[in-house]
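Using only what follows, build the 3D model:
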Amino acid sequence: MNTSSPVLPLTVLLACSAAPALQPDHEAPAPGPRAAEDVPRQLGEIGRLLEAAPPGATVLVQPGVYREHLRITRPVTLVANGAVVIDGGGSGDIIEIAAPGVTLRGFTIRNTGIDLDKENAAIRVLAPRAVIRDNIVDDVLFGIDLREAPDSLVANNRIGGKDLDIARRGDGLRLWRSDRTTVEDNVIHDGRDAILWYSKGVIVRRNTGHDCRYGLHLMFSDDVTISDNEFTRNSVGIYLMYSTGVEINGNRLIQNRGPSGYGLGLKETDRFVVRGNLMVGNRSGIYIDGSPFSPDVPGEFTANTIAGNDIGVTFLPSARGNLLHANNFIDNFNQVAVAGRGNLDANQFWKGDSGNFWSDYTGYDQNRDGVGDFVHESATLFEDLMDREPSLRLFLFSPAQQAVEFVGRAVPAVRPEPKFTDEVPLMRPVPVAALPTGGSPARIPLAAGGALLVTLGGSLLGLARDPAVRPAHGGVR
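Purely as a prediction, here's the structure:
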């Protein structure tokens, strides 16, 4: 214990262990509170400890269940000394931190109000340099809400929302103008979003988000690093909007299949790098709209594995200036799609002598230098029709698809122009880099991990392509 931080007397601490009985979990919630300045605050056991604590004190709370609402107005360290539950009784916010340099550690915090207008939250931080770590936040509308709280740390918390329709939920985590905050090792589930608003220099790493709307959502947030996170079973894994200078490294975006269903979405985002990520089983592995929005620096996608999605990468016609190289495109129903009319001439699918690995590449490598001897083009008639009419996806793998493809091959006049060309397609997949740092593949969900192994295995078996087989179309490099 830090000897420079006074600790409240043991006799006072022990008084906190006698807590009133908790009301039943399914009790009807009380009406939402009035504005904070109008609510008379009656101090409970923890509130009295905080009232008595000098600045810099470490306040230990003994095990028990405490039904109270706290407002912390001086820099203290509040620590649960065992199993401590703070229950909000189904009304209002539970903990509000209004002083800089506060630490909150080790509590179970549950049962906020459900007033979306007042954004009832388990923990609301209104001052800089807060440390919120090792807490369980459950049955809450909003989880952890930082407002103008720069240089904070949110680490190793488990945040679970209320059993509400997703449109009525609050955000599991929200940062508003909270620059240079680190968000790491948290689990967020059954909420709306984890969202960053107008927050610069934020680090988001080793978090897990599942069964939410957006696993992670950026709005006007620049110079953000997103690494080694796992977002599964959300509507969207990661979505970037109007942000600049974002690095997305080593994340696992798996089975995000809601109404949008993107593993990663980018809208008018600039100066971004997407490297070493795993996108498996999404409706669209990557969705690109108007990104990058300036011609100075290309958007770069490299060393990603995009496997088993309905669509590998979806481009809007407004997407220009992207560079995709050394990625694996494995057994997506549609490897690359254009959502609207147009081609992808303003984007490039190779860099130097490194293109991408395509599981549907039909060329060969006669000199065995690891690069296909023929360019890879996407020019199938059925894919072209699906880009224009997505409802035709209903006929995938049907005799109707086979008939359309037969016509496309037999009648050159109806064959569409290629959507894109990879001049130097790779013959072998690049190594899968999207695994936990220093860990093992165990964190990849079993079904998705199995699908990836099957698709990679099938592609590896196809590496010994017959050099005598020439592609149906495409020029020699």
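
which stretches of the stretch 251-400 of the chain have low pLDDT?
379-390, 392-398, 400 (pLDDT under 70).

where exactly do the strands run in it?
For the stretch 251-400 of the chain, applying DSSP state E, counting those that start in this stretch gives strands covering 252-254, 262-267, 270-275, 278-280, 284-289, 299-302, 305-307, 311-315, 322-325, 328-330, 334-338, 357-358, 376-377.

Packing partners of the second one?
What it means is strand 262-267. Judged by 3 or more C-beta pairs under 8 Å, 6 or more residues apart in numbering; DSSP states H and E, strand 262-267 is in contact with strand 236-241, strand 252-254, strand 278-280, strand 284-289. For every residue, glycine as well, the C-beta is placed using N, CA and C.

just checking, what packs against the last one?
Other elements packing on strand 284-289 under the criterion 3+ C-beta pairs under 8 Å, 6+ apart are strand 262-267, strand 305-307, strand 311-315.

OK, contacts around the residue nearest to Phe420 when sequence neighbours are not counted?
Nearest residue to Phe420, sequence neighbours excluded (C-beta to C-beta, 6 or more residues apart in numbering): Leu344, at 4.3 Å. Contacts for Leu344 (C-beta atoms under 8 Å, 6 or more residues apart in numbering) come out as 315, 319, 336, 338, 419-420.

Just the buried residues of these.
The neighbour count (16 or more other C-beta atoms under 10 Å) marks 315, 319, 336, 338, 419-420 as buried among those.

for Val202, phi and psi?
Torsion angles at Val202 (phi, psi; degrees, to the nearest 10) stand at phi -90, psi 140.

so how many other residues sit close to it?
Residues lying near Val202 (other C-beta atoms under 10 Å) number 23.

coming back round to it: now render the buried ones among the contacts of Leu344 as TSV, adding distance to Asn234.
Putting the buried ones among the contacts of Leu344 into TSV (distance: C-beta to C-beta, whole Å) gives the following:
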residue	distance to Asn234
Phe315	22
Ala319	23
Val336	23
Val338	25
Lys419	28
Phe420	28
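
now, among these, which is nearest to Leu175?
Taking C-beta to C-beta as the measure, Leu175 lies nearest Ala319 of these, at 27.6 Å.

For the closest one, which non-adjacent residue is spatially closest?
In this structure, Ala319 finds its nearest non-sequential neighbour in Ile288, 4.2 Å apart by C-beta to C-beta, 6+ apart.

what are the bridge partners for that neighbour, then?
When assigned by DSSP bridges, Ile288 has beta-bridge partners Leu266, Phe315.

Is it in contact with Pro317, as I believe?
No. Ile288 lies out of contact with Pro317 (C-beta atoms under 8 Å); the separation is 10.5 Å.

Looking at those two, which one has more neighbours?
The neighbour count for Ile288 versus Pro317, taken as other C-beta under 10 Å, is higher for Ile288 (28 against 15).

follow-up on the earlier one: rebuild the strands of the stretch 251-400 of the chain as TSV, extending it with distance to Asp171.
Below are the strands of the stretch 251-400 of the chain laid out as TSV (distance: least, C-beta to C-beta, whole Å):
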stretch	distance to Asp171
strand 252-254	19
strand 262-267	18
strand 270-275	23
strand 278-280	24
strand 284-289	21
strand 299-302	27
strand 305-307	28
strand 311-315	26
strand 322-325	30
strand 328-330	33
strand 334-338	31
strand 357-358	38
strand 376-377	42
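
tally of neighbours for Gly352?
Residues lying near Gly352 (other C-beta under 10 Å) number 7.

Now name the helix or strand holding Leu50.
For Leu50, the host element (DSSP states H and E) is helix 45-52.

Surely Asp134 touches Thr108?
No. At 10.6 Å, Asp134 does not count as touching Thr108 under the criterion of C-beta under 8 Å.

Number of residues surrounding Tyr198?
Residues contacting Tyr198 under the criterion other C-beta under 10 Å number 15.

Does it touch Trp176 like I think?
Yes. Between Tyr198 and Trp176 there is a contact under C-beta under 8 Å: 6.6 Å.

what do these two both touch?
Shared contacts of Tyr198 and Trp176, defined by C-beta under 8 Å, 6+ apart, are absent.

on that earlier part again, from the contacts of Leu344, pick the one nearest Ser91.
Using C-beta to C-beta, the contacts of Leu344 come closest to Ser91 at Ala319, 46.9 Å.

What's the separation between that closest one and Ser359?
Here the criterion is C-beta to C-beta, to the nearest Å. By it, Ala319 lies 23 Å from Ser359.

now Asn157
To Ser359, Asn157 is 40 Å away according to C-beta to C-beta.

Which one of the two is surrounded by more residues?
Legend: neighbour count by other C-beta under 10 Å for Asn157 and Ser359, higher for Asn157 (28 against 19).

now the more buried one: how far from Ala122?
Taking C-beta to C-beta, one finds Asn157 at 10 Å from Ala122.

burial of Pro259, as a residue count?
Pro259 is flanked by 8 other residues according to other C-beta under 10 Å.

pretty sure it contacts Val236?
No. Between Pro259 and Val236 there is no contact under C-beta under 8 Å: 9.1 Å.

Check the average confidence over stretch 192-203, would you?
In this model, stretch 192-203 has a mean pLDDT of 98.

Just the buried residues of that stretch, please?
For stretch 192-203, by 16+ other C-beta under 10 Å, it's 192-197, 199-203.

Extract the CA atoms of that stretch and return them as PDB.
The C-alpha coordinates for stretch 192-203 follow below in PDB (Å, rounded to 0.1, in the frame of the first residue of the first chain):
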ATOM      1  CA  ARG A 192     -25.400  -0.700 -27.900                       C
ATOM      2  CA  ASP A 193     -21.900   0.600 -28.800                       C
ATOM      3  CA  ALA A 194     -18.400   1.100 -27.500                       C
ATOM      4  CA  ILE A 195     -17.900   4.600 -29.000                       C
ATOM      5  CA  LEU A 196     -15.300   7.300 -29.200                       C
ATOM      6  CA  TRP A 197     -16.500  10.800 -29.900                       C
ATOM      7  CA  TYR A 198     -14.000  13.600 -30.600                       C
ATOM      8  CA  SER A 199     -11.200  11.800 -28.700                       C
ATOM      9  CA  LYS A 200      -7.600  11.900 -30.000                       C
ATOM     10  CA  GLY A 201      -4.700   9.700 -29.300                       C
ATOM     11  CA  VAL A 202      -6.700   6.900 -27.800                       C
ATOM     12  CA  ILE A 203      -5.400   3.300 -27.500                       C
END
